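Q: Sharing a model prediction with you, sequence too.
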Amino acid sequence: MLSFITWTVDPDLFHLGPLTVRWYGLMWASAIFAALIVVKKTFEHEHCPEEWSDKLFLYGTIGLIVGARLGHCLFYGAHDDFFYYYRHPIEILYIWEGGLASHGGAIGLLVAMYLYNKNVIKKGYLWILDRLVIGVAIGGAFIRFGNLMNSEIYGGETTLPWGFIFVRAGETVPKHPTQIYEIIYCLITFAVCMWLYWKTNAAKKEGLIFGVFLVGIFFTRFLLEFIKEDQVGFEQGMPLNMGQLLSVPFFLLGFYLIFRKSTKQIAGKLKQS
C-alpha cells in the first residue's frame with residue numbers, strides 16, 4: 001500500500017517554438033467541447049434546430065471565460081490583496097497571467113444563458129439550464145484535472161495513503177488531493193443528471209435537474225472547502241472562506257428548486273386523493 005504519492009508532473013504539455021501548450025488550457029478546451037457534445041445530444045433528442053448548438057457554443061464559451069476571469073479578479077484579487085484589481089482594473093485583461101474562478105464562470109454562464117434564451121431559443125430560462133448543467137458537470141471534472149496537473153488548489157496535510165506531495169508547489173508533506181475529490185463529485189453529479197434526463201421525466205419539471213446540479217456541485221464544494229488550504233492570504237482567520245461564501249447562494253437555490261418541485265408533487269397527489 002502506498003504511504004503517499006509524490007506528484008512532480010510538468011504542467012506544460014508540449015512546446016511549439018515560443019508557444020507553450022499547458023495541461024490546464026487543454027482541459028478547459030476539453031471541458032467546453034465535452035459540455036457542448038452532451039447538450040447537443042439533448043437538442044437532437046428533442047429535435048431542436050441545429051443552429052442552436054452553434055450559438056450555444058458562442059454564448060456559453062464567452063460567458064464562461066469572461067465570468068471565470070472576472071470572478072477570479074473581483075472575488076480573490078492578486079498577490080494576497082483582495083482589492084488589487086479594483087485599484088488596477090486594466091490588469092483584469094491580462095489573461096496570460098492566469099486566474100480563473102469556477103464561481104465566476106458559473107455566474108457568467110447564468111448571464112450568457114439568459115441572453116441565449118432571450119435572443120435565440122425563447123424556450124424558457126430554466127429549460128436551457130436543465131440541459132446545460134448536464135454538460136457543465138462533466139466539464140467541471142476536466143477543469144479539476146487541469147488543476148491537478150498544475151499542482152494547485154489542494155487540501156491540507158493528511159496521513160491518508162493517497163495523500164499527494166505536490167513537489168512543484170514546494171510541498172514536502174502529503175496533502176489532500178482535493179482536485180481528485182472534486183473530479184469524483186463532478187462525475188457523480190453528471191451521472192445523476194444524465195439519469196434524471198434520460199431515464200425519468202425530470203426534464204418536464206423545469207428547474208429540477210438544475211437544482212440537483214447546484215446541490216451536487218456547490219454543496220459538496222462547500223463541505224470540501226473545510227479541508228482545503230486557503231487560496232489567498234486574506235482568507236486566513238475567516239470562519240468561511242471565499243469559495244464557501246460564494247457557494248452558499250448556489251446550493252440554497254438548488255435546494256429551493258428541488259424542494260419546490262417535491263412540494264408541488266405532494267400537493268398534486270393530495271388534491272387527487
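A: Structure received. Residues are numbered from 1 along each chain as shown.
Q: Check the spacing between L36 and W52 real quick.
A: Distance, L36 to W52, using CB to CB, to the nearest Å: 11 Å. (Glycine included, C-beta is placed from N, CA and C.)
Q: Residues in contact with both of these two, list them for me.
A: By CB atoms under 8 Å, 6 or more residues apart in numbering, L36 and W52 have no common neighbours.
Q: list the contacts for F222?
A: Contact analysis of F222 by CB under 8 Å, 6+ apart lists G243, Q244, S247, V248, F251.
Q: Select from these the one having the most neighbours.
A: Among these, S247 has the most neighbours (other CB atoms under 10 Å), with 25 neighbours.
Q: Secondary structure element holding it?
A: Assigned by DSSP states H and E, S247 belongs to helix 242-272.
Q: Averaged pLDDT, that helix. What do you get?
A: The predicted model gives helix 242-272 an average pLDDT of 80.
Q: Can you pull the phi and psi angles for R144?
A: The phi/psi pair for R144 (degrees, to the nearest 10) reads phi -70, psi -30.
Q: Can you give me the neighbour number for it?
A: Using other CB under 10 Å, R144 is surrounded by 24 other residues.
Q: re earlier: is it possible to export the contacts of F222 to CSV including distance to Q236?
A: Shown next, in CSV, are the contacts of F222 (distance: CB to CB, whole Å):
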residue, distance to Q236
G243, 14
Q244, 14
S247, 19
V248, 20
F251, 24
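Q: which one among those residues gets closest to M149?
A: Nearest to M149, judged by CB to CB, of the contacts of F222 is G243 at 20.0 Å.
Q: Look up how far T158 lies from the residue lying closest to that closest one once chain neighbours are set aside.
A: Counting by CB to CB, 6 or more residues apart in numbering, G243 lies nearest to E225, which is 4.9 Å off, once chain neighbours are set aside. Taking CB to CB as the measure, E225 falls 15 Å from T158.
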